Structure formats: C-alpha cells, structure tokens
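K.L.:
task: produce atomic coordinates for the following.
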Amino acid sequence: MSQQAHIIAQRLLNLYRQEHVINGGWAAVNRVFVAESNDEQIIKELENLPTGKRLIAHINNLRSGKTPMDSIDKDLLPYAGLMSGQDTNISLTAEEIAELKNALADFQPSIENLNDIKQMSLVQKFGNNWAKDIKAAVANDSVLSQQWNNVIQTDTAYNIWNSAQKLLSETLTERNRAQIQADMPEFETYLPMFGDSGKKVLDKLRTFVSSLN
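P.N.:
Residues are numbered from 1 along each chain as shown. Predicted coordinates for the structure are as follows:
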C-alpha cells in the first residue's frame with residue numbers, strides 16, 4: 001500500500017500545483033482531494049513531499065467546511081498565488097482583447113508561437129506577471145481563458161524542460177537528486193509533451209534518482 005499511497009500523494013500534489021490549467025479549477029480538483037485523501041498513509045506521504053503540508057492544510061479546510069469546495073484559502077495558494085487569476089482589477093482594452101483573440105486563434109505549443117505571444121506589447125506591459133495578469137483579465141471569457149491556459153501550459157513546459165536540462169548538465173550530487181525528486185511531478189507531467197526527446201530526458205532523471213537510492 002505504501003507505494004500506491006506515494007503514487008496517489010504525488011498525483012494529488014501535481015493537481016494542486018497545476019490547478020491553473022485544469023478545466024473547472026478548484027471546484028474540480030477539490031473534489032478529487034477530498035475523495036482520494038481518505039487514507040492516513042496518503043497523508044503521511046504528502047507530509048514528506050515539497051509543499052505537501054500546504055496541501056494537507058487545504059484538504060483539512062475542505063473537510064471541515066472552512067473552505068468552500070470551489071475555493072482555496074489565499075495563504076495556501078500554490079506558487080504563492082502567482083498562477084492564480086483571481087485579481088479582477090486587471091483588464092484589457094477592447095482593442096487588446098481583439099488582438100489577443102487573433103493571436104491565440106492559431107496558437108500551437110511551440111517555442112516560436114510562445115515567443116510571438118510574449119513579444120506582444122499588450123503582454124510585455126505586464127512584465128514578469130504577464131501570465132497571471134492576463135489570465136485574470138480574460139477570466140470571464142471561457143474560450144479565451146482556456147486558450148490562455150494553453151499558453152501558460154506551454155510556457156511552463158519549456159521552463160520545466162530547461163530546468164531538467166540544467167540539472168542533467170551539472171555534476172550529479174545529492175542536492176541535485178533532492179531537486180529532481182521535488183520537481184518530479186512537473187517533470188512527469190510536462191516532459192512527455194516533448195515526445196521521444198522528453199521521454200528520454202525523463203528516463204535519465206528517473207535513472208539518476210534511483211541510482212542514488
């Protein structure tokens with residue numbers, strides 16, 4: 001059961017971290033948290049995973065009724081809330097919305113398309129908060145919001161790819177191993193998006209972790 005509990009715990013943590021690109025948002029993932037965390041061993045596994053204690057606190061809030069099933073306490077948001085689109089004070093002009101819709105109509109998850117989006121003036125004006133702020137600005141348009149989620153997911157995938165390449169290019173140490181283990185849910189989610197190349201990188205990461213066990 002321990003191995004199964006570990007797998008479930010990692011899955012729940014991955015959902016927690018990736019809520020911002022999941023259809024239905026917190027309303028969808030919270031039901032999974034409550035339904036699949038009813039085993040004490042799963043909670044113990046979460047305690048040993050990075051940010052796992054924050055997810056446990058969130059699950060406890062859901063079970064107690066402190067947090068509604070479609071929400072999360074702002075202090076427990078993953079990534080300190082950087083990927084949350086809850087700020088409704090951010091807006092785009094009608095012209096900017098039209099420009100964004102046109103740009104996203106044919107968006108493909110490639111580095112070229114991603115760079116084209118990031119170079120748009122309406123994106124650059126938000127600086128480092130571009131992904132979160134535009135997500136907030138288009139939150140009321142379900143189609144545009146989902147298209148923007150694809151951009152966020154693509155950007156995250158390339159960041160994860162670069163992180164994996166950096167870790168594998170450095171001298172392999174226990175510190176690297178700890179970092180790989182902490183980021184493994186993201187590696188397992190995003191590296192397969194790069195096809196065979198991504199799967200080979202993921203295999204290397206897994207081999208390295210197991211070789212030091």
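K.L.:
contacting residues around residue 107?
P.N.:
Applying CB atoms under 8 Å, 6 or more residues apart in numbering, we find residue 107 in contact with 113, 117, 147, 150, 151. No exception for glycine: its C-beta is placed from N, CA and C like everyone else's.
K.L.:
what about the helices in the protein?
P.N.:
For the chain, the helices defined by DSSP state H cover 2-17, 25-36, 40-47, 52-64, 94-104, 111-118, 121-124, 130-137, 142-169, 174-190, 195-211.
K.L.:
need the winner for burial among those helices.
P.N.:
Mean neighbours per residue, mean count of other CB atoms under 10 Å, is largest over these for helix 130-137, with a mean of 22.
K.L.:
pull that one out as PDB, backbone CA atoms only.
P.N.:
Included here for helix 130-137 are C-alpha records, laid out as PDB according to Å, rounded to 0.1, in the frame of the first residue of the first chain:
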ATOM      1  CA  TRP A 130       2.200  38.600 -17.700                       C
ATOM      2  CA  ALA A 131       0.800  35.000 -17.400                       C
ATOM      3  CA  LYS A 132      -1.100  35.600 -14.100                       C
ATOM      4  CA  ASP A 133      -2.300  39.100 -15.000                       C
ATOM      5  CA  ILE A 134      -3.700  38.300 -18.500                       C
ATOM      6  CA  LYS A 135      -5.300  35.100 -17.000                       C
ATOM      7  CA  ALA A 136      -7.100  37.500 -14.600                       C
ATOM      8  CA  ALA A 137      -8.000  39.900 -17.400                       C
END
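K.L.:
thinking residue 30 is in contact with residue 63, fair?
P.N.:
No: proximity of residue 30 to residue 63 does not meet the contact threshold set by CB atoms under 8 Å, at 10.4 Å.
K.L.:
quick one, which of the helices of the chain is nearest to residue 71?
P.N.:
When the helices of the chain are compared by CB to CB, helix 25-36 sits nearest residue 71, at 5.7 Å.
K.L.:
does anything pack onto the closest one? Which helices or strands?
P.N.:
When contacts are defined as 3 or more CB pairs under 8 Å, 6 or more residues apart in numbering; DSSP states H and E, helix 25-36 sits against helix 2-17, helix 52-64.
K.L.:
which residues are in contact with it?
P.N.:
Residues contacting helix 25-36 (CB under 8 Å, 6+ apart): 8, 11-12, 15-16, 19, 22, 42, 55, 58-59, 62-63, 69-72.
K.L.:
what is the orientation angle of it with helix 142-169?
P.N.:
Using axes from the mean of the first three to the mean of the last three CA atoms, to 10 degrees, the inter-axis angle of helix 25-36 relative to helix 142-169 is 60 degrees.
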